[in-house]
Each structure stands twice: as C-alpha cells, then as structure tokens.
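Chemist: with the sequence up front, the predicted model follows.
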Amino acid sequence: MTGPAFAFPESVLAREVSGEMVLLDLRNEEYFGLDRVGADMVTRLTQQPHDEAVAALCRDYDVAPEILTADLERLVSRLLDVGLLVRTLPQ
Amino acid sequence: MIPQPVVEVHVRQVRPVVPPDAEPVEAHRADGTTWRRAWSVPGRLVLDFDGIAVLEASDDGSVTIDRQLPSEMEQHLLLDHVLPLVLARRGALVLHGAVLTLAERAVVLIGASGAGKSTLSAHAWRRGWTLGGDDGAVLHPTDGTVWVTPTHSTLRLTPEAAELVGIPADEGAAAVGKRRLRTTASDRTARPAPTALHLVAEVQPAPADAAARLTRLTGVAAHVALFGCTFHADLARGRLMRAVVDGLGEVAEAVSVWRLSVPRGRSGLDAAEALLRQEVTR
C-alpha cells in the first residue's frame, strides 16, 4: 500500500480557512492562497495515494477527467516549482 | 478564565546595547529605506530604530536603551513598539489595530499606517463607543469566541485628526508629532477587561465623494488581512509562526472580517461609524 505522493515541506505552514487554504513559506516568508478547488486538490494529494486522489476528484467534480488531470498537473507543477510541495515518492 | 496580557517592564540605566551577531529582520518605509532592524534571539529582543535609539528587551522584563531620550519618545518606543513585540514573543496573538466596544461587542480596526484607524476610533469614541486603545489588540481565541484586550489604553492623534473629530489640539500629552490621550479615566495600572470580538474591519481611505462601504472578506482574503497586521510574527523566524497562522485561522472563522472604505472628511467618518454601529448592533 502506497502513501500520498506529495507532502508539505517542513518549512511550509498550511492552514485551511473556511474551505480555502493559506500556505506560508518560512524560508522567505512568502504567503500563498488557494481557492476552494485548489485547497481540495492539495489536501487530497497530501492525504491519499495519487491514483485514489485523482479518482476521488474526478468523482466529485463535474468535469472531464482529462481537463481535471491537466489542471491538477499544472497546480502541482507550480507548487513544486516554488517549493510549497515536495514529492514523497520517486517519480 | 480569559488570560490577560501582563507585561512588567523595568527600564534599566542607559548603556550601550550590542546587537546579536546575526542577520536582523528589517522593516522598511514605503520608499524602501529601513526604519527598524530587529533581532529576536533566546533571552532578548534587540531593536535598532535607525538613528533614534537601540533598545534591548530581556525576557526578565528589563529594557535597556543606548541613549537618553526625550520622555515622549521613550514612551512611544516602549508602548507602541516594544510592548506589542514582547507580547508576540511570549506567544500572544497581537494585531496592530484599535479596539472599540459598543454594547459589549468589540471591534478591531486594522489597516496600513495612515489609513485612518486612530481618526475613526476617536470619532467613534466621541459618539459613545468605548475606546480601549488605538495601537495593539491582543486576541485570544477560545471555544469559538475570540476575546480581545488592548495592549494599552491610549490614543495618538495628529493635530489635524484631532481637529477633524472635535478634540482640542492641546489635549493630552505630546507624543512625537502627535498628542497622546488616555482612553480610560481609571488609574494607570487599570487594564480593560477582555471583550468578545464581534468583527474586524480593515480601514481603507477613500476619496471624499465616495460612499462608505463595508465589504466582507472570507477565507484566504480574511486571513491575509489579519496576517498583514500581526505584530510581528516574522521576528520569530518561524518559531511561533505555526501558532500565529493557526490562531489567525481560528479568528477568521470565528468573527467576521470586513474591508471598510472610509471617505475623507467628517461626513465620511460619520458614514463609516454608522456602518460599524449597524453591523455591531444588528
């Protein structure tokens, strides 16, 4: 059984606020915000195995799977780039 | 039992203050120049107010200043800069904001320097609100209620602001270009009791001919408004940041957070105060 594919690095504080999410990077004290959909995506990706998270998102959102997957990849790529997420599993 | 912030400060003799051998956290003016360097290290907080003084606040409550200062400047630095930072270093959630109360419901006015927090506070005070203080608000979220206590019971006004709200320009004591007024008639050791916080309003000045307006902020927008005026979690370099981020999350979910557009001039103050009164007594 595999765990979540992504995690918040130790230097990042994440807090849900009314369904949205604030992310604070302590290394540079930059502050980021995610809307409800982004917060939901990130929460699932950091709590569930990747395939389960994607399947659950496809189930819960009324959107074509390829569009959802593309949006998810774009969000994850951006968060990885700025160091707000790290991979916990080798690619 | 709601804890009340207590800080006992003893100003020690004037003597040189040596900053720690570490990178300071700098605070900048709008033009990019530095007005304060801060070092928050175990046992002490050192603040270098560029060209004015260097202060050291030790965890035992003693404060050392590196030079003799006019009493109004010393009071300003201790009350408006050192006190809230000492409280924040002790884990308190401190907002840079004014505390107003009406019908046992508290409002905290936050906003950038010069936004008009003190002027609106003074105006509301003249219209029957209780004014706790205009500089620092200590928040204590507990069981779905957020309790608030002002860091100290004074109000600082420019002569122009005093005139605008009808307070004699020579009232109170000189306070570095402003007048400092006591907001309570009680003796100087009295501290206002914690009051349940009803709303936080981020004051934004607007042109005189605009309408006063309250706009609700939620989620990230509410959190970022609160975070931007938190006294000064950044000094902890992350040590206390988790508690600050979580505490502000609790506050953002427990009370309503608004943006309050306040048109310039007396009629703008009238309209903004009326909006706040309506929201608080609703």
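Modeler: All right, it came through fine.

Chemist: what stretches of the chain score poorly on pLDDT?
Modeler: Going with chain A. A:1, A:91 (pLDDT under 70).

Chemist: chain B was what I was after
Modeler: B:1-9, B:185-192, B:233-239.

Chemist: and it, which residues reach chain A?
Modeler: B:218-224, B:227, B:234, B:237-238, B:241-242, B:245-246, B:249, B:252-253 (C-beta under 8 Å from any C-beta of the partner chain). Using the backbone N, CA and C atoms, a C-beta is placed for each residue, glycine as well.

Chemist: pull out the buried residues from the residues you listed.
Modeler: Among the residues of chain B next to chain A, those buried by neighbour count (16 or more other C-beta atoms under 10 Å in any protein chain shown) are B:219-224, B:227, B:234, B:238, B:241, B:245, B:249, B:252-253.

Chemist: ok, so of these, who is nearest residue A:86?
Modeler: Distance to residue A:86 across those (C-beta to C-beta) is lowest for residue B:238, with 17.3 Å.

Chemist: any idea which residue sits dead centre in chain A?
Modeler: residue A:42 (2.1 Å; C-alpha atoms, centre = their mean).

Chemist: and that residue, what does it touch?
Modeler: A:6, A:14, A:21, A:34, A:75, A:79, A:85 (C-beta atoms under 8 Å, 6 or more residues apart in numbering or on different chains).

Chemist: which element, helix or strand, includes the second one?
Modeler: Here residue A:14 is covered by strand A:12-17, with elements defined by DSSP states H and E.

Chemist: also the third one?
Modeler: Element membership for residue A:21, per DSSP H and E: strand A:20-25.

Chemist: quick one: contacts of that strand?
Modeler: Contacts of strand A:20-25 (C-beta under 8 Å, 6+ apart): A:8, A:11-15, A:30-36, A:38-39, A:42-43, A:82-84, B:218-220, B:223-224, B:227, B:241, B:245, B:249.

Chemist: if we use 7 Å, what do you get?
Modeler: Contact with strand A:20-25 is made by A:11-15, A:31-36, A:39, A:42, A:83-84, B:219-220, B:223, B:241, B:245, as judged by C-beta atoms under 7 Å, 6 or more residues apart in numbering or on different chains.

Chemist: now the strands for chain A?
Modeler: A:6-7, A:12-17, A:20-25, A:30-34, A:86-87 (DSSP state E).

Chemist: who touches residue B:55 in this structure?
Modeler: By C-beta under 7 Å, 6+ apart, the neighbours of residue B:55 are B:17, B:47, B:63, B:64, B:65, B:77, B:82.

Chemist: got a PyMOL select line for the buried ones in these?
Modeler: To isolate the buried members of the contacts of residue B:55 in PyMOL, using 16+ other C-beta under 10 Å:
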select buried, chain B and resi 17+47+63+64+65+77+82
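
Chemist: just name the closest of the contacts of residue B:55 to residue B:210, please.
Modeler: residue B:77 (35.9 Å).

Chemist: what's that closest one sitting at in phi/psi?
Modeler: Backbone torsions for residue B:77, taken as degrees, to the nearest 10, come to phi -60, psi -40.

Chemist: pretty sure residue A:65 contacts residue A:58?
Modeler: Yes. Counting by C-beta atoms under 7 Å, residue A:65 does reach residue A:58; the two are 4.9 Å apart.

Chemist: between those two, which contacts overlap?
Modeler: With C-beta under 7 Å, 6+ apart, residue A:65 and residue A:58 have no common neighbours.

Chemist: who has more neighbours, those two?
Modeler: residue A:58 (16 against 12; other C-beta atoms under 10 Å in any protein chain shown).

Chemist: restricted to helices, list the residues of chain B next to chain A.
Modeler: The helices, defined by DSSP state H, take in B:219-224, B:227, B:241-242, B:245-246, B:249, B:252-253 from the residues of chain B next to chain A.

Chemist: need phi/psi at the spatially closest residue to residue B:133 that is not a sequence neighbour.
Modeler: Residue nearest to residue B:133 in three dimensions, not counting chain neighbours: residue B:150, with 3.4 Å by C-beta to C-beta, 6 or more residues apart in numbering or on different chains. Main-chain dihedrals, residue B:150, degrees, to the nearest 10: phi -70, psi 150.

Chemist: how near is residue B:150 to residue B:193?
Modeler: 11 Å (C-beta to C-beta, to the nearest Å).
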